[in-house]
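Chemist: A predicted structure for the sequence below; I have some questions about it.
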Amino acid sequence: MADERFDVVIVGGGSAGSALAARLSEDPETQVLLLEAGRADWPWDVFIHMPAALPFPIGNPRYDWQYESDPEPYMGGRRVYHARGKVLGGSSSINGMIFQRGNPMDYDRWAEAPGMEGWDYAHCLPYFKKMETCLAGADDWRGGDGPLMLERGPATNPLFRAFFDAVQEAGHPLTDDVNGYKQEGFAAFDRNVHRGRRWSASKAYLKPIRSRPNLTIRTRAFVRRVRFDGTRATGVTYEHRGRTRTVEAGETILAGGAIATPQLLQVSGVGPAEHLRSVGVEPVVDLPGVGRNLQDHLEVYIQYGSKRPVSMSPWLKWWRRPWVGFQWLFFRRGAGATNHFEAGGFIRSNDEVGWPNLMFHFLPLAIRYDGSSPAGGHGYQVHVGPMFSDVRGELKIVSSDASVKPSMVFNYLSTENDKREWVEAVRHARHILTQPAFEPYNAGELSPGPSVETDEEILDWVARDAETALHPSGTAKMGTDDMAVVDPATMRVHGTEGLRVVDASVMPIITNGNIYAPVMMIAERAADLIRGRTPLPPSDAPVYRHTPDANPGA
């Protein structure tokens, strides 16, 4: 017998789970339980809420699940570290706070698959607008009254001005808004930062509605498995405060992300039957696509020293940190009030691609995500990587115990197209950073350095040095083909009743940019589908489409 009963149980209080909990509990007759395995995002936790403190939670077991890939066969057998948020708000509470929707053609490509017609850009745009308040201004493409507050990066440091001049000298355009009419080009970025604080999914969606009597939120609640009666999901078993508890639910929604969700499906008996049996799990539904189609973005740092003392490097000094903390705590300003990823852009690496396939983030620092720096002086860098990789990996459980981390192989650098685009990415980045606009600052390349020049040397360096951009996705994809896991019209897991998935794992193809914004859009649209509400009408706003004949020499 179950310990308790709810109409809906949502497994995962991260990005998608926060939005789902808020939207589904709008109906006061629907009793909603949100289970988050990580800690609460307490308002006094400076590591979460100070934007510049983002290197601290990443790699910290109190905030981060600390996943690693298996030895990657095309990267010298090294394991790639994957941070995932272990806190209410999920990865939106520890990520880089960059808000990018992807390109409109990403969603039109989704819609080309059978059954996916309702996921084209025209149908997705109204949900992007619904979820955001774009402080730079609402228009046909941007929302003005949603829960997610988006501030445009000020990008006032002289190095940002040099960067914008340099990209134009290199032959690339500027754009007004990479999330608006035209993604292609360079601009100041939208960020999940408001008044000097991180604006996570939890802060946006959960904090305003925590007092709803029909919403129960439990943190440090680790779900062991989904319970089934035949092929109908009836709830979950979870651990909370030292007790094993069961909850019965009319609907069970998995929102743990592209790693935790397929793992939980598999340990619960939903996945490739032969593999499940091999690790001691009795199959409930044979779904070979669970854990397949694993995708991610990989990135490298192209770093330069600066001849002028204009970078943010001095603010990294330990003796300046008390002043940074003081300014942020009492005034919400200063070096602690920004994520520093204030600008960047998207380009096409060659004339064969129809829309941008390379992403750039510019930073007026030479620093890695873990806070390490190759030089103690001033510097700057771009993060760059391909967005349309044709690489696919796989996630598989290695135990019937949900607390044992799964096997993951992403197969980075495994295709000829991926290798080609990596060489193009590094060469485009260097071309931009060596334009005349940077001449007053350019003190030489720090990473990868002048010894890395040929295609082979570039690929060897990428294999040694690249990091994940922290965008795992695709492991329970929407669709109607044999490898699809989720029904695009209802978000139900094929072959089951009472079980749905709403998170990055349902993406059939990874989007062109950071994936937080697409995940939130998916959650907003899924909430209407789950509630049986008529979806928002499609938008007729035009979007930029590259026409080679109209862009000679592009």
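Modeler: In hand now; what should we look at?
Chemist: do you know how far Asn214 is from Val32?
Modeler: Asn214 is 6 Å from Val32, where distance means Cβ to Cβ, to the nearest Å. To be clear about C-beta, it is placed using only N, CA and C from the backbone, and glycine gets the same treatment.
Chemist: okay, these two: which has more neighbours?
Modeler: Val32 (25 against 18; other Cβ atoms under 10 Å).
Chemist: show me the contacts for that one.
Modeler: Contacts for Val32 (Cβ atoms under 8 Å, 6 or more residues apart in numbering) come out as Phe6, Asp7, Val8, Val9, Ile10, Ala21, Leu24, Ser25, Asn214, Leu215, Thr216.
Chemist: cool, Val87 as well?
Modeler: Glu36, Gly38, Arg39, Ala40, Asp41, Ile48, Pro57, Tyr63, Ser93, Ile94.
Chemist: By neighbours, which of those wins?
Modeler: Glu36 (32 neighbours).
Chemist: Give me the pLDDT for that residue.
Modeler: Glu36 carries a pLDDT value of 98.
Chemist: Give the burial count for the residue lying closest to Phe228 once chain neighbours are set aside, as a bare number.
Modeler: Sequence neighbours aside, Val284 is the residue nearest to Phe228 in space, at 5.2 Å (criterion: Cβ to Cβ, 6 or more residues apart in numbering). Each residue near Val284 was counted by other Cβ under 10 Å, and the total is 22.
Chemist: where's Val284 relative to Arg232, distance?
Modeler: From Val284 to Arg232 the distance is 10 Å (Cβ to Cβ).
Chemist: Overlap in contacts, these two.
Modeler: In contact with both Val284 and Arg232: Thr496, using Cβ under 8 Å, 6+ apart.
Chemist: distance of the residue nearest to Phe228 from Tyr181?
Modeler: 46 Å.
Chemist: go on, Asp229?
Modeler: From Asp229 to Tyr181 the distance is 50 Å (Cβ to Cβ).
Chemist: Ok, Ala52 next?
Modeler: 31 Å.
Chemist: Same drill for the two, tell me which one is more crowded.
Modeler: Ala52 (22 against 16).
Chemist: That one belongs to a helix?
Modeler: Yes - the assignment for Ala52 is a helix, going by DSSP: H, G, I helix; E, B strand; the rest coil.
Chemist: in terms of contact, does it touch Phe341 like I think?
Modeler: No - using Cβ atoms under 8 Å, Ala52 is not in contact with Phe341, being 10.6 Å away.
Chemist: Mutual contacts of Asn214 and Val32, please.
Modeler: Joint contacts of Asn214 and Val32 (Cβ under 8 Å, 6+ apart) are Ser25.
Chemist: Residue ranges in this structure under the pLDDT threshold?
Modeler: The chain contains residues with pLDDT under 70 at 311-326, 331, 367-376, 548-554.
Chemist: Which strand or helix spans Arg161?
Modeler: For Arg161, the enclosing helix or strand under DSSP states H and E is helix 158-169.
Chemist: Restrict that helix to CA atoms and write it as CSV.
Modeler: Taking C-alpha atoms only, helix 158-169 is exported to CSV below (Å, rounded to 0.1, in the frame of the first residue of the first chain):
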residue,chain,number,x,y,z
PRO,A,158,36.8,47.6,-24.0
LEU,A,159,37.5,44.0,-24.9
PHE,A,160,33.8,43.5,-25.9
ARG,A,161,34.0,46.6,-28.1
ALA,A,162,37.1,45.2,-29.7
PHE,A,163,35.4,41.8,-30.2
PHE,A,164,32.4,43.4,-32.0
ASP,A,165,34.7,45.3,-34.3
ALA,A,166,36.8,42.3,-34.9
VAL,A,167,34.0,40.0,-36.0
GLN,A,168,32.9,42.6,-38.6
GLU,A,169,36.5,42.9,-39.8
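Chemist: helices and strands around the following helix or strand past it, which ones?
Modeler: Where DSSP H and E defines the elements, the next helix or strand beyond helix 158-169 is strand 185-188. In terms of contacts (3 or more Cβ pairs under 8 Å, 6 or more residues apart in numbering; DSSP states H and E), strand 185-188 is packed against helix 158-169, strand 343-347.
Chemist: Which of the ones you listed sits closest to Leu254?
Modeler: strand 343-347 (31.4 Å; Cβ to Cβ).
Chemist: hang on, Asp27 in a helix?
Modeler: No - judged by three-state DSSP, Asp27 forms no part of a helix; its state is coil.
Chemist: Now it. Nearest residue, chain neighbours left out?
Modeler: Nearest to Asp27 is Arg531, by Cβ to Cβ, 6+ apart, at 7.0 Å.
Chemist: I figured Ser306 was touching Ala443, is that so?
Modeler: Yes - using Cβ under 8 Å, Ser306 is in contact with Ala443, at 5.7 Å.
Chemist: what is in contact with the two at once?
Modeler: Joint contacts of Ser306 and Ala443 (Cβ under 8 Å, 6+ apart) are His378, Gly379.
Chemist: that older thread, can you report how many residues lie near the residue nearest to Asp27?
Modeler: Around Arg531 there are 12 residues (other Cβ under 10 Å).
Chemist: So it versus Ala166, what's the distance?
Modeler: On the measure of Cβ to Cβ, Arg531 and Ala166 end up 48 Å apart.
Chemist: cool, Gln266 as well?
Modeler: Using Cβ to Cβ, which is the criterion applied here, Gln266 is 47 Å from Ala166.
Chemist: buried residues in the longest strand along the chain?
Modeler: When the chain is parsed with DSSP state E, its longest strand is strand 243-254. By 16 or more other Cβ atoms under 10 Å, the buried positions in strand 243-254 come out as Arg245, Thr246, Val247, Glu248, Ala249, Glu251, Thr252, Ile253, Leu254.
Chemist: Okay, now the sheet partners of that strand, with direction.
Modeler: For strand 243-254, the pairing partners within the sheet under DSSP bridges are strand 4-11 (parallel), strand 232-240 (antiparallel), strand 499-501 (parallel).
Chemist: what's the shortest one in contact with?
Modeler: Among residues not part of strand 499-501, those counted as contacts by Cβ under 8 Å, 6+ apart are 226, 232-233, 251-255, 261, 265, 270, 476, 485-486, 490-493, 526, 530.
Chemist: Go again with 6 Å.
Modeler: Here strand 499-501 makes contact (Cβ atoms under 6 Å, 6 or more residues apart in numbering) with Ala233, Thr252, Ile253, Leu254, Thr261, Ala476, Val486, Met491, Arg492, Val493.
Chemist: can you check the first one too?
Modeler: Residues from elsewhere that reach strand 4-11, judged by Cβ under 6 Å, 6+ apart: 17, 20-21, 24, 30-35, 223, 236, 247-256.
Chemist: just how off-centre is it within its chain?
Modeler: 26 Å (Cα atoms, centre = their mean, to the nearest Å).
Chemist: so after that strand, what's the next helix or strand?
Modeler: Note on strand 4-11: by DSSP H and E, the next helix or strand toward the C-terminus is helix 15-24.
Chemist: what's the angle between that following helix and strand 243-254?
Modeler: Relative orientation of helix 15-24 versus strand 243-254 (axes from the mean of the first three to the mean of the last three Cα atoms, to 10 degrees): 80 degrees.
Chemist: Buried residues of helix 15-24, list them for me.
Modeler: Buried residues in helix 15-24 (16+ other Cβ under 10 Å): Ser15, Ala16, Gly17, Ser18, Ala19, Leu20, Ala21, Ala22, Arg23, Leu24.
Chemist: and if you look at stretch 286-298?
Modeler: Buried, per 16+ other Cβ under 10 Å, within stretch 286-298: Leu287, Gly289, Val290, Gly291, Arg292, Asn293, Leu294, Gln295, Asp296, His297, Leu298.
Chemist: how long is that stretch from one end to the other?
Modeler: 31 Å (Cα to Cα, to the nearest Å).
Chemist: next one: stretch 181-199
Modeler: 24 Å.
Chemist: tell me, how many neighbours does Trp44 end up with?
Modeler: 7.
Chemist: again, but for the one 10 residues further on
Modeler: Residues within reach of Leu54, counting by other Cβ under 10 Å, total 21.
Chemist: Distance check, it against Gly336.
Modeler: 11 Å.
Chemist: What sits closest to Ser389 if chain neighbours are left out?
Modeler: Nearest to Ser389 is Asp418, by Cβ to Cβ, 6+ apart, at 4.9 Å.
Chemist: Right, I'll leave it there.
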